[in-house]
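S.K.: predicted model follows, preceded by the sequence.
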Amino acid sequence: MRRLMRARYLAVIVALFVAAGGVAYAAGASPFIGPHGFINTCVPRSGGEVNAWKPGHRCTGGRVGLAFPGVGPTGASGATGASGAAGATGATGATGASNPDATTVDAMSFTKLAQREATPASGTATQTLFSGGGLTILAECDSSGNASLVANGPTSADSELTVAGVSGTATPFGSQTATLGPASAVLLGPAGAGQATFSYAAASGAVVTGSIGYQKAPSFGTTAGCAFFGTATSG
């Protein structure tokens, strides 16, 4: 009975030593831990006080050697924490600047106008410079090299056109037509050269505004002809 109690006592001592002391020695890199990772001890055969010794010591006086692992088993991984709730959506950033080369902005069509017309030997040469929303603007160049802009409207002849500008001699001009039709042939400034700004509105709701420069021949360097350039916005 006494030996059984001593054996149980020794078992408890060994368990506590492994659980508490063994890990502590390993964590502190103790000199009591041998090259194989064990702690060497001596204990009486019948149980009793446990003595730890540095590697290489031999048990004497009838004591027996016991070895304990210097490092305990690896513990289980902790549970992964729950994911946090998604953050609120950030505010919408400011709208960037419009592309200067865009052809449509806010349902409005932007058209660049550029045309050259050779001076005819006689009479007048005519080309369509712009057509949209019922409005047609013709670019004309006569045999004397004078440039002109002529505007006509839709068949209903109920559109309005307002023109303002300055001629090549720096003389201002302006006109207003309340019944622009297909044969109105309204001049956007006197023949020769100038800069005209216009506003057009049709009964259908179409609106066209623009600015056009027209230059008499020769216009650009050695080009023998009339030149027309500007922009028109319609919608």
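M.R.: Here it is on my side, so go on.
S.K.: just checking, what packs against the host helix or strand of Phe110?
M.R.: Take DSSP states H and E as the rule and Phe110 turns out to sit in strand 108-118. Using 3 or more CB pairs under 8 Å, 6 or more residues apart in numbering; DSSP states H and E, the elements in contact with strand 108-118 are strand 124-132, strand 135-142, strand 225-234. In this view, the C-beta of every residue, glycine as well, is placed from N, C-alpha and C.
S.K.: my reading is that Val43 is in a strand; is that accurate?
M.R.: Yes. The assignment for Val43 by DSSP: H, G, I helix; E, B strand; the rest coil puts it in a strand.
S.K.: tell me how far the residue lying closest to it once chain neighbours are set aside lies from Cys59.
M.R.: For Val43, ignoring the flanking residues on the chain, the nearest one in space by CB to CB, 6 or more residues apart in numbering is Val50 at 5.0 Å. For Val50, the distance to Cys59 (CB to CB, to the nearest Å) stands at 11 Å.
S.K.: which neighbours do those two share?
M.R.: Cys42 (CB atoms under 8 Å, 6 or more residues apart in numbering).
S.K.: the residue nearest to Ala114 when sequence neighbours are not counted bridge partners, please.
M.R.: Leaving out its chain neighbours, the residue that sits closest to Ala114 by CB to CB, 6+ apart is Phe229, at 5.0 Å. Per DSSP bridges, the residues bridged to Phe229 are Ala114, Gly213.
S.K.: tell me how many other residues surround Phe229.
M.R.: 17 (other CB atoms under 10 Å).
S.K.: for the helix or strand Gly65 falls within, packing partners?
M.R.: For Gly65, the host element (DSSP H and E) is strand 63-69. Under the contact definition 3+ CB pairs under 8 Å, 6+ apart, strand 63-69 sits against strand 38-44.
S.K.: pLDDT on the helix or strand that comes right after the strand it packs on, on average?
M.R.: Following strand 38-44 in sequence order, the next helix or strand is strand 51-53 (DSSP H and E). Confidence over strand 51-53 (mean pLDDT, whole number) is 75.
S.K.: contacts for strand 51-53, please.
M.R.: The contact list for strand 51-53 (CB under 8 Å, 6+ apart) reads Phe32, Ile39, Asn40, Thr41, Cys42, Val43, Arg63.
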